[in-house]
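Chemist: Generate coordinates for the sequence data below:
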Amino acid sequence: MTDEALAAPSPTGPAMRAPSLTGVFVRLKLSLLRNGLRQSPGRAVAYVASLLVGLLAAAGVVLALTALRGNAHGSALAVLLTGLLTLGWAVMPLFFPTGDETLDPTRLVMLPLRPRPLIASLLVASLVGVGPAFTLALVTGMVIMLAQGAAAAAVGVVALVLVVLVCVSLARAVATASVRLLTSRRGRDLAVLSGLFIALGSQGVNIAAQKLGRPDGLTVLEPLGAVLRWVPPASAMAAVDDAGRGSYARAAVGLALTALALALLLWWWQRTLTTLMTSPDSSTLQAVEKDSARRSGSGERGLARLLPSGRTGTVMLRTLRYAWRDPKSKMGWATALGAGLLVPIVSSLQGRGSIYTAFSAAALLGMQMYNQFGQDTSAFWMVASTIATPRDAYEELRARALTLALVAVPYVTLVVIGTAALIGPWSDFLEVYGLSLALLGALLATGALSSALFPYSIPSEGNKNIAPGQGAIAWFSLFGGLLMGAVLSAPLIGLTIWLHLAGLNSLLWVLLPVGAAYGIGVAELGLRVAAPRVASRLPEILAAVSKG
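Modeler: Numbering: from 1, shown residues only. Got it, this is the predicted structure:
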């Protein structure tokens, strides 16, 4: 071998530099996006539409913020918007874990990648998308609103970069730290509940917009802004305003706090990423250990020990497990519980509050009795095989109604008490509480009968809660049953109106015991009327709930 050959660098030596990971991950992000759009024309149209809507919203926000340039309360508004934006980025991976395939670093475990280059590449790739573009536009609008002078503009450029990087890094760090949860069944259940949190958040935004729409609406932001201005990354936005006012020391402190927060986020992200990619996933072993421990124990544990024996306790335990484990059932329960509490609160904050809004809790929870067999889907055949007589059907329906009452009665009690304390007057508490219990019993009765006469299927996969072709049955069942529930509650409503018109306010307390007794009686009557129809229509119910 010649000296020239010995002196030549080897193919694996320093002369062969590894390609940059940043370009690879950016191309990977674009490829995933492109391939996703190629799957179906509908998905491409939806993405383009969302992109256009996002751009229009961003343009509108930038124009609105620009119009507020020079406003005395602009700094407080920018600080609050930055805080809300950061909160949105923090919770986004928890509710939409499958929105970006690159959020799951476990897909890269088998590749020889070091944490620092990997973090830099993932961070740059995360800046590609509609979300980062909207964030950039929003922060740009806030900088334009606050920057007064060359120094403030320079600080604004630095603040713009820091805020965007903090938001993206926070989302990545949260996704990495909770990736085990997000890829599990509980994580998918959490994603199903995202619609509820979006609905609650939209109501909060609606109330805030009404408050801020007043002539002096922005003044209410000052106390909160004074606190948030020192919380990163909102401190970077406050630094822009401080620089415009000549407070360069305060501006430097604000930027330094955000830079420190970014460094800590990157450090936390690197630690969790290293731990995730070097430690085994022991979730399966833990599940086996828990199952073995459960099998080695004797008898039932927890709530199961408090339930009645026989068929009633078994059905109640099965229904509770459905509500806890099945995503569709969990979504229905969570929506009813959340909305039942939200209606009185929203009406109170809007200044149109009434204690009678507490009826929403009884109405929404009572409607959970409808389509009881739809949540069983095709597995209803196992329930049907245990029903041979109307008595068996009655016990099945009664156990399901008792399960719902086990949650609904305490919850309705708390909502009525809270509404009376928040809105008042306390003199109407007994009246509203008694009517709520009567309405709950009436809905249990009509729900049992509707489950027997108008069952429909709830698909276990996808976002649809009604199988194709059964929409009319579902709407008729819900609205018809709700109307019949109101009709069954008419005697109590008539008694209430008569007591008010006759001036017998001292006797309104009787509505509580009468309402409770009436609710129990009408629910019992509804169960007994529905039981023979369930026993005689088992094949039809099974066929209806097995579609889709």
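Chemist: any low-confidence regions in the stretch 351-500 of the chain?
Modeler: For the stretch 351-500 of the chain, the stretches with pLDDT under 70 are 351-352, 460-465, 468-469.
Chemist: can you rerun that using 90?
Modeler: 351-368, 370-388, 418-431, 451-497, 499-500 (pLDDT under 90).
Chemist: now the stretch 101-250 of the chain
Modeler: Applying pLDDT under 90 to the stretch 101-250 of the chain picks out residues 101-135, 137, 145-153, 171-232, 234, 237-238, 241-248, 250.
Chemist: what about the helices in it?
Modeler: 115-126, 130-146, 150-177, 179-182, 185-192, 194-212, 222-228, 234-244, 248-278 (DSSP state H, counting those that start in this stretch).
Chemist: Equivalent analysis for the stretch 301-450 of the chain, please.
Modeler: Under DSSP H, counting those that start in this stretch, the stretch 301-450 of the chain gives helices at 310-325, 327-349, 359-366, 380-384, 390-422, 429-453.
Chemist: Which of those sits closest to R38?
Modeler: Closest to R38 of the helices of the stretch 301-450 of the chain, according to C-beta to C-beta: helix 327-349, at 28.5 Å. For the C-beta atoms, the positions are set from N, CA and C on the backbone; glycine is no exception.
Chemist: burial count for the nearest residue to I345 once chain neighbours are set aside?
Modeler: Leaving out its chain neighbours, the residue that sits closest to I345 by C-beta to C-beta, 6 or more residues apart in numbering is L422, at 7.3 Å. Using other C-beta atoms under 10 Å, the number of residues around L422 comes to 16.
Chemist: Correct me if wrong: L422 contacts P344.
Modeler: Yes - with contacts counted by C-beta atoms under 8 Å, L422 reaches P344, the gap being 6.8 Å.
Chemist: Now do the shared contacts for these two.
Modeler: Where contact means C-beta atoms under 8 Å, 6 or more residues apart in numbering, the residues bridging L422 and P344 through contact with each are G353.
Chemist: okay, now the domains of this structure?
Modeler: Structurally, the chain divides into domains by automatic domain parsing as follows: 37-278, 310-545.
Chemist: Can you give the distance from the longest one to the centre of its chain?
Modeler: Distance of domain 37-278 from the chain centroid (C-alpha atoms, centre = their mean, to the nearest Å) equals 19 Å.
Chemist: Over to the last one?
Modeler: Per C-alpha atoms, centre = their mean, the displacement of domain 310-545 from the mean C-alpha position of its chain is 23 Å.
Chemist: Now do it: distance from first to last residue.
Modeler: Length of domain 310-545, first residue to last, C-alpha to C-alpha, to the nearest Å: 26 Å.
Chemist: so is L511 in a helix, a strand, or just coil?
Modeler: Reduced to three states with DSSP: H, G, I helix; E, B strand; the rest coil, the structure at L511 is helix.
Chemist: who are the neighbours in contact with it?
Modeler: For L511, the set of contacting residues under the criterion of C-beta under 8 Å, 6+ apart consists of L430, E431, G434, L435, L492, L495, T496, L499.
Chemist: Spell out for me the ChimeraX command that would select the buried members of the residues you listed.
Modeler: To isolate in ChimeraX the members of the contacts of L511 that are buried, counting by 16 or more other C-beta atoms under 10 Å, one can use:
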select :430,431,434,435,492,495,496,499
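Chemist: Now flag whichever of the contacts of L511 is closest to S360.
Modeler: Once C-beta to C-beta is applied, the member of these that ends up nearest S360 is L435, at 12.5 Å.
Chemist: Kindly reformat the domains of the chain as CSV containing distance to F25.
Modeler: Below are the domains of the chain laid out as CSV (distance: least, C-beta to C-beta, whole Å):
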stretch, distance to F25
domain 37-278, 4
domain 310-545, 30
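Chemist: Buried deepest among these, which one?
Modeler: Comparing these by mean neighbour count (mean count of other C-beta atoms under 10 Å), domain 310-545 ranks first with a mean of 19.
Chemist: Let me have the helices of the stretch 301-450 of the chain in JSON lines, adding distance to L504 as columns.
Modeler: Converted to JSON lines, the helices of the stretch 301-450 of the chain look like this (distance: least, C-beta to C-beta, whole Å):
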{"stretch": "helix 310-325", "distance to L504": "40"}
{"stretch": "helix 327-349", "distance to L504": "27"}
{"stretch": "helix 359-366", "distance to L504": "22"}
{"stretch": "helix 380-384", "distance to L504": "48"}
{"stretch": "helix 390-422", "distance to L504": "21"}
{"stretch": "helix 429-453", "distance to L504": "12"}
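Chemist: Out of the ones you listed, flag the one nearest T66.
Modeler: Nearest to T66 among the helices of the stretch 301-450 of the chain is helix 327-349; the distance by C-beta to C-beta comes to 29.9 Å.
Chemist: Tell me which other helices or strands the closest one touches.
Modeler: The criterion is 3 or more C-beta pairs under 8 Å, 6 or more residues apart in numbering; DSSP states H and E, and the helices and strands that helix 327-349 contacts are helix 185-192, helix 194-212, helix 310-325, helix 359-366, helix 390-422.
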